[in-house]
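> Here is a sequence together with a model predicted from it:
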Amino acid sequence: MSMANETLHIDKENDNTNFFVRFFKYFIPWKGDHAAEVVRKVIFIGSIALFCSSVNQLTDFLETDKDTLEYTAQIQSLEPDFTDDINFDQVKADDGENSSPEAKQRKVQAWAKKLLKRNKEVVGWIKIPGFTNSEGKEYINYPVLQHSDNDYYLTHNIDNQPYESGSIYADYVVPIDKNGQADNITIYGHHMRKLGTSFTHLAEYKSGVKMLKKYPIIEFNTIYDTNEEYVIFSCFVAAVNESQDNGHLFDYWRYRNFDDQDYKFETWIDNVEKSSWYSCDIQCDPDDDYITLSTCSNEVANMRWVIVAKKLDKDDDKEAILASYKEKKDKDIYFPQVWRNVWGNSKKYLGWSY
């Protein structure tokens with residue numbers, strides 16, 4: 001029965017109260033109402049309250065997203081100007097006169113000093129040049145931090161405040177300091193789905209080799225370096241525990257220094273290459289420096305999307321490497337069993353926001 005008919009019914013019962021009273025009596029429990037009518041009105045009021053609460057939560061959610069994006073833009077605006085710095089390691093390589101241990105210690109570059117004032121745990125800056133949004137802002141363009149564990153910056157920003165997107169941070173086991181760094185630095189960041197912050201847009205490298213050809217270079221400078229380029233040579237999905245792959249596990253994050261007898265270079269590079277969705281012509285040696293970017297891969301629960309890059313040196317022909325990029329056939333790629341259970345032995349890309 002419509003509200004119009006209800007009000008007509010009230011009129012027929014000679015309810016002489018004014019319209020507003022009759023209106024409220026239709027929605028609010030009133031003396032003399034039958035039990036069913038009281039229940040109807042209570043359910044209606046509850047529905048209105050739930051709707052208002054949902055609208056309020058949605059407003060708060062959208063406001064939080066807005067604040068997060070504004071803060072992210074603020075952090076990205078801290079991008080240093082590397083042009084005035086020189087590479088200290090290169091200077092030392094050219095200077096054979098002073099070989100004392102003190103002279104070999106790395107010096108903090110000028111570009112890093114402002115960031116270190118904001119947070120002493122900043123250890124570098126990472127950027128994928130040209131990979132931008134509609135406003136021309138790079139998606140991956142962040143300071144890199146390093147704490148005494150790998151959990152802290154999952155939930156905190158550069159200002160040490162709780163932050164859903166977390167920060168981009170380097171594996172803590174081998175510190176990046178004046179005495180050196182790991183041969184292979186794993187750098188972590190969240191996949192934030194539709195929000196798009198942190199390492200979310202790394203998922204776009206699943207879309208095909210055209211993406212890799214378009215954005216093959218990662219600029220990563222520790223606070224002791226400047227103008228360093230890394231070329232991507234592998235992208236793959238990885239399990240995080242043995243139960244996901246019939247007892248097998250490529251624990252890529254543990255391959256830090258290749259003189260470690262338990263985590264040798266040969267084992268690492270073999271797994272990196274056979275798992276990669278793409279191939280290229282690049283010479284990789286244990287004496288080279290590498291970075292490994294790690295984020296979530298949501299096509300299958302509790303998996304990781306991993307991108308590996310090698311630091312370019314004077315002997316690398318960058319143009320030849322980029323020209324050699326090819327899409328690997330699915331049958332030639334190693335996928336963990338948990339992936340094969342869902343998607344078979346094939347690549348899958350559901351969009352960066354998935």
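Good, I have the coordinates. Numbers count the residues shown, from 1 in each chain.
> Let's verify the closest residue to Trp352 other than its chain neighbours: helix, strand, or coil?
Spatial nearest neighbour of Trp352, excluding adjacent residues (C-beta to C-beta, 6 or more residues apart in numbering): Ala203 at 4.4 Å. (Each C-beta comes from the backbone N, C-alpha and C, glycine too.) Following DSSP: H, G, I helix; E, B strand; the rest coil, the label given to Ala203 is helix.
> show me where the chain has helices.
3-12, 19-27, 35-76, 88-94, 101-104, 113-118, 209-214, 265-275, 318-323, 337-343 (DSSP state H).
> before we move on, back to that, quick one: pLDDT of the residue nearest to Trp352?
pLDDT, Ala203: 98.
> For it, which residues are in contact?
His191, Thr295, Ser297, Asn298, Trp305, Tyr349, Gly351, Trp352, Tyr354 (C-beta atoms under 8 Å, 6 or more residues apart in numbering).
> which of those count as buried?
His191, Thr295, Ser297, Trp305, Trp352 (16 or more other C-beta atoms under 10 Å).
> And for Leu116, the neighbour number?
14 (other C-beta atoms under 10 Å).
> residues contacting it?
Contacts of Leu116 (C-beta under 8 Å, 6+ apart): Val108, Val122, Ile223.
> can you check Lys310 too?
Counted by C-beta under 8 Å, 6+ apart, Lys310 has contacts Tyr230, Val231, Phe233, Ile282, Cys284, Asp288, Asp289, Tyr290, Asp316.
> can you put those residues in TSV and add distance to Ser275?
Shown next, in TSV, are those (distance: C-beta to C-beta, whole Å):
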residue	distance to Ser275
Tyr230	19
Val231	18
Phe233	12
Ile282	16
Cys284	14
Asp288	19
Asp289	21
Tyr290	15
Asp316	22
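> May I see the ChimeraX selection of the buried members of those?
Selecting only the buried entries of the contacts of Lys310 in ChimeraX, with 16+ other C-beta under 10 Å as the criterion:
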select :230,231,233,282,284,288,289,290,316
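> Give me the subset of the contacts of Lys310 that lies in strands.
Tyr230, Val231, Phe233, Tyr290 (DSSP state E).
> what's the pLDDT at the third one?
If I follow you right, that is Phe233. In this model, Phe233 carries a pLDDT of 98.
> Check the gap between it and Leu350 for me.
Between Phe233 and Leu350 the computed distance is 24 Å (C-beta to C-beta, to the nearest Å).
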